[in-house]
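> could you work out the structure for the sequence below:
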Amino acid sequence: MKMICKIARAEFRNLFYSPIAWLILLVFYIVSGFRFVDPLVDIARVQEANLETNPTWDGFPTALSIAIFIAPIKSVLEKLYLFIPLLTMGVINREVNAGTMKLLYSSPIRVRDIVLGKYLGLLVFNVMVLAIVAILFATGYCTIIHAEVAWYLAILLGFFLLSAAFIAIGLFISSITQYQVVAGILTFVVFFILENLQEVWQQYDFFRDLTYFLAMTNKAEEMIGGLITTSNVLYFVIIIVMFLAFTLIKLRSTQESKSWKVSFGRYTLVSLVTLTIGYASSRPGYVGYLDLTRDRLNTIHPAMQQVLKELDGSPLTITLYTNLLGKSSPMDGLPRSRNKYIWLYWEKFVQFYPHIRYRFEYYYDVNESNQEIMASFPGKTVDQAAATMAELYDVDVNSFKKPEAIRKLANLQQEDNLGLLMELEYKGRKQFLRTYPDTKIFPEQTHVAGTIRRLVRPANPAIYFTTGHYERSPFRNGEREYGPNTNYKQSRYALLNMGVDVDTVSLARQNIPANTAFLVVADPKSALDTTEQRKIIDYLDKGGNAILYGEPGKQGMLNPLLQTIGVTLDPGTIVIPDKHDLPHTFNTSVTKTGTHMANEEMLFKAVQKDRTGSIYLSGGANISFRPVNGFTIETICDKTPERDGWIENGVYTGDSAAPVFSAAEGDVKRSTFVIGIRLKRTINGKEQRIMVSGDADFMTPRRVYGGDIRNGMFSWMLYNDYPVYTSYPDPIDTKVTIGFDAARALYIVYVYIIPAIVLLGATLLLIRRKRK
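Numbering: from 1, shown residues only. So this is what the prediction gives:
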């Protein structure tokens with residue numbers, strides 16, 4: 001060990017007397033420093049301007065720990081493989097050309113000491129280079145409020161391991177040629193190939209798996225993202241050990257007069273041993289994970305983890321169906337994208353349930369959802385259209401099943417998006433997990449949780465909408481309908497995709513089903529007959545849960561039901577005159593009670609910021625109530641007008657002249673209007689829950705599907721068991737501690753002053769060395 005340290009010290013000293021090493025330090029610092037302080041100056045300027053106009057400004061919408069450092073991080077990753085060849089190209093061959101290698105061989109120094117000593121010297125210099133990044137992180141820690149220090153440490157580890165592996169490779173290449181320039185070029189070429197391996201031949205299974213294993217940058221990027229895994233750390237250690245062993249074998253072969261077959265056997269043995277260890281360490285169930293991001297952004301949500309615990313260890317098979325003629329591009333399902341699909345999407349789930357198996361089916365077919373694609377191929381059959389698309393995507397059309405073959409294999413024809421679709425199979429039960437026609441494409445954890453619950457639970461919660469009186473429909477997607485929040489398969493917000501069944505029931509012909517989780521009466525336009533009313537009242541009296549949506553002008557349709565629980569929809573329409581909008585359309589507040597009723601994404605974010613949500617009404621009726629029959633009643637939506645507002649009981653036409661308050665016509669002024677309430681009581685050993693809304697339009701596409709509440713009312717009615725919300729907290733590192741002037745000063749120091757000092761110091765050192 002003592003000899004290794006001496007050689008390392010000599011190598012390190014040699015580097016510092018080299019202009020190349022100083023040039024690397026200087027360029028690396030200038031590039032990284034500029035990429036760091038430039039966005040910092042912009043952020044400080046914008047923050048200063050915002051605080052001047054709004055002292056209560058919350059900060060930027062993104063995490064500054066990421067926003068400020070993303071540019072220097074990418075810069076370091078992109079430039080790292082350019083700098084390393086300059087460092088390593090002369091490490092071994094310099095000794096050979098100078099004749100000192102023979103002296104080392106003749107001395108009592110082992111070849112192992114030479115290799116490890118030189119590698120250690122390079123590694124120490126590498127630490128100095130990374131110290132530049134550490135200085136930037138330290139500055140970020142001092143200038144960003146609540147900076148993510150643990151995440152910074154993960155980045156430094158990723159950079160260190162990646163550069164250490166690059167140095168080991170460069171050291172080996174330096175040993176196989178006597179020419180420094182050739183070694184530098186070869187090292188650069190090898191790094192370039194490793195950097196771009198995953199861009200070629202990804203449609204072939206063998207090359208795809210091989211290139212994924214060899215692509216070191218991807219594994220470093222996971223660490224840079226804040227996730228450290230034992231498989232990635234061991235991978236870099238294995239690469240380092242393997243190439244150091246290769247260097248050792250190469251140098252020993254120059255001392256021995258043995259056949260090349262001996263060296264080849266050694267190389268093969270080292271490769272097999274290291275690759276076997278690497279393969280074994282990356283097997284599902286044998287990988288350790290450490291997520292160093294503050295909110296564990298690289299780990300599935302705790303609620304999702306609880307859902308996975310409902311699985312008993314049996315295999316979960318996931319089949320990805322990719323349609324060449326799908327409504328959306330099939331690129332994300334083709335073989336070339338398989339590594340992204342497995343490692344970037346499903347790996348998070350494998351961490352907590354390693355018994356996941358993958359299958360892939362490629363086909364082409366059309367149904368009503370994607371029939372329009374055939375218009376792009378006039379006069380062509382489906383087979384001919386598929387052949388054209390296969391040529392476009394550079395795939396073999398023969399690897400795709402024909403329509404008749406895929407229809408025998410799986411029933412996909414009922415899907416609204418006959419494109420990219422997943423099917424989960426567990427213990428003989430199957431359920432579809434859908435993708436969506438948006439930029440995200442793949443489902444979120446909420447959808448995965450809902451689908452898994454369909455597989456493991458004996459029954460799903462069932463919601464029934466009454467029908468027969470022109471109510472809002474859970475199956476249609478028009479501007480007044482509820483389909484996008486209930487049954488529309490292509491909607492991320494549809495309860496169907498979150499594990500909840502939604503259907504209709506005609507009370508004129510049927511009773512309310514026994515499995516009803518809750519009943520929805522959504523704005524009937526004609527009166528319910530006495531039989532229908534009696535069924536609903538009996539259902540409520542027995543403890544059934546329900547949501548009742550009313551509308552101005554149709555209060556009489558619901559009041560016979562509501563009055564049995566102490567609630568009345570007051571006659572008239574709430575109006576708040578506004579020169580910029582119609583009097584009956586306005587934003588209304590979700591109360592604190594309403595905001596806390598569910599972890600719906602926007603409500604969750606409002607709670608995090610100690611605020612309340614809001615919804616946009618298009619005509620609302622005021623709700624009056626008095627507790628009866630043991631009910632506790634709470635307001636979930638109300639409106640306190642900043643200006644005049646009243647309940648208009650006269651003739652009101654929204655698109656005509658602005659209404660005028662008239663007590664003679666029965667108009668009523670109030671300081672606060674109640675638009676939504678919730679009722680609860682304990683009956684028959686369970687908590688009964690009821691919700692009443694004075695507006696039904698706010699849940700429609702025309703009013704942004706319920707605004708901040710969205711599915712929050714449905715969640716509360718389902719005792720917050722469905723949907724499985726997986727929202728992460730908003731970042732808290734959204735402000736900097738410095739102003740624009742201080743940021744400009746940092747810019748000058750980091751971009752001009754420090755590089756000038758480094759340049760001056762390097763020049764003086766090299767001149768003094770030259771004189772000696």
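> off-centre distance for the longest helix along the chain?
The residue-count maximum for a helix in the chain (DSSP state H) belongs to helix 19-53. From the chain centre to the centre of helix 19-53 is a distance of 28 Å (C-alpha atoms, centre = their mean, to the nearest Å).
> what residues sit buried inside it?
If you call a residue buried by 16 or more other C-beta atoms under 10 Å, then helix 19-53 has these buried ones: 21-22, 24-26, 28-41, 43-44, 47. Where you see a C-beta, it was placed from the backbone N, CA and C, and this is true even at glycine.
> then stretch 415-430?
Going through stretch 415-430 with 16+ other C-beta under 10 Å, the ones that come out buried are 415, 416, 417, 418, 419, 420, 421, 422, 423, 424, 425, 426.
> ok, stretch 129-143 next?
Within stretch 129-143, the residues that qualify as buried by neighbour count (16+ other C-beta under 10 Å) are 129, 130, 132, 133, 135, 136, 137, 139, 140, 143.
> angle of whichever strand or helix holds the first one against helix 19-53?
In this assignment (DSSP states H and E), residue 129 forms part of helix 111-143. Relative orientation of helix 111-143 with respect to helix 19-53: 20 degrees, computed using axes from the mean of the first three to the mean of the last three C-alpha atoms, to 10 degrees.
> who does helix 111-143 touch, helix- and strand-wise?
helix 2-16, helix 19-53, helix 70-88, helix 149-175, helix 230-255, helix 740-748 (3 or more C-beta pairs under 8 Å, 6 or more residues apart in numbering; DSSP states H and E).
> please repeat the previous calculation with a cut-off of 6 Å.
Using 3 or more C-beta pairs under 6 Å, 6 or more residues apart in numbering; DSSP states H and E as the contact criterion, the neighbours of helix 111-143 among helices and strands are helix 2-16, helix 19-53, helix 149-175, helix 230-255.
> residue 89 is nearest to which of these?
The stretch from these with the least distance to residue 89 (C-beta to C-beta) is helix 149-175; that distance is 6.0 Å.
> for that closest one, which positions count as buried?
Going by neighbour count (16+ other C-beta under 10 Å), the buried part of helix 149-175 is 151-175.
> just checking, residue 60 touches residue 736?
No - assessed by C-beta atoms under 6 Å, residue 60 is found out of contact with residue 736, at 9.1 Å.
> so which of these two has more stuff around it?
Between residue 60 and residue 736, counting by other C-beta atoms under 10 Å, residue 736 is the more crowded of the two (24 against 17).
> that one pairs with what?
Listed beta-bridge partners, residue 736: residue 144 (assigned using DSSP bridges).
> thought it was touching residue 142?
No - contact criterion C-beta under 6 Å: residue 736 and residue 142 do not qualify, at 9.8 Å.
> and which of the buried residues of stretch 129-143 is nearest residue 73?
Of all those, the one with the least separation from residue 73 (C-beta to C-beta) is residue 133, at 8.3 Å.
> is the nearest residue to residue 466 once chain neighbours are set aside in a helix, a strand, or coil?
Excluding the flanking residues, the one nearest residue 466 by C-beta to C-beta, 6 or more residues apart in numbering is residue 521, at 5.0 Å. When the structure is reduced to helix, strand and coil (DSSP: H, G, I helix; E, B strand; the rest coil), residue 521 reads as strand.
> buried residues, stretch 215-233. List them.
Going through stretch 215-233 with 16+ other C-beta under 10 Å, the ones that come out buried are 215-229, 231-233.
> hmm, I typed the wrong one, I wanted stretch 605-617.
Going by neighbour count (16+ other C-beta under 10 Å), the buried part of stretch 605-617 is 605, 606, 607, 611, 612, 613, 614, 615, 616, 617.
> residue contacts, the last one?
Taking C-beta atoms under 6 Å, 6 or more residues apart in numbering as the contact definition, residue 617 lies against 586, 588, 695, 698.
> surely it is within a helix?
No - under the criterion used here (three-state DSSP), residue 617 is strand, not part of a helix.
> tell me the pLDDT of it.
Per-residue confidence (pLDDT) for residue 617: 89.
> ok, the buried residues of stretch 129-143 vs residue 185, which is closest?
Within the buried residues of stretch 129-143, the smallest distance to residue 185 is 21.5 Å, found for residue 129 (C-beta to C-beta).
> any idea how far the closest residue to the closest one other than its chain neighbours is from residue 186?
Once flanking residues are discounted, residue 129 sits nearest to residue 28: 5.9 Å by C-beta to C-beta, 6+ apart. When C-beta to C-beta, to the nearest Å is applied, the distance between residue 28 and residue 186 equals 22 Å.
> repeat that for residue 555.
Distance of residue 555 to residue 186, given as C-beta to C-beta: 83 Å.
> got it, and residue 662?
Counting by C-beta to C-beta, the gap between residue 662 and residue 186 amounts to 90 Å.
> same thing with residue 743?
From residue 743 to residue 186 the distance is 43 Å (C-beta to C-beta).
> cool, residue 532 as well?
Taking C-beta to C-beta as the measure, residue 532 and residue 186 are separated by 83 Å.
> again, but for residue 34
Relative to residue 186, residue 34 is positioned 31 Å away (criterion: C-beta to C-beta).
> so can I have a markdown table of the helices and strands packed on helix 111-143 showing distance to residue 380 and mean pLDDT?
As requested, these are arranged in a markdown table below (distance: least, C-beta to C-beta, whole Å; pLDDT from 0 to 100):
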| stretch | distance to residue 380 | mean pLDDT |
| --- | --- | --- |
| helix 2-16 | 65 | 81 |
| helix 19-53 | 51 | 88 |
| helix 149-175 | 49 | 91 |
| helix 230-255 | 47 | 89 |
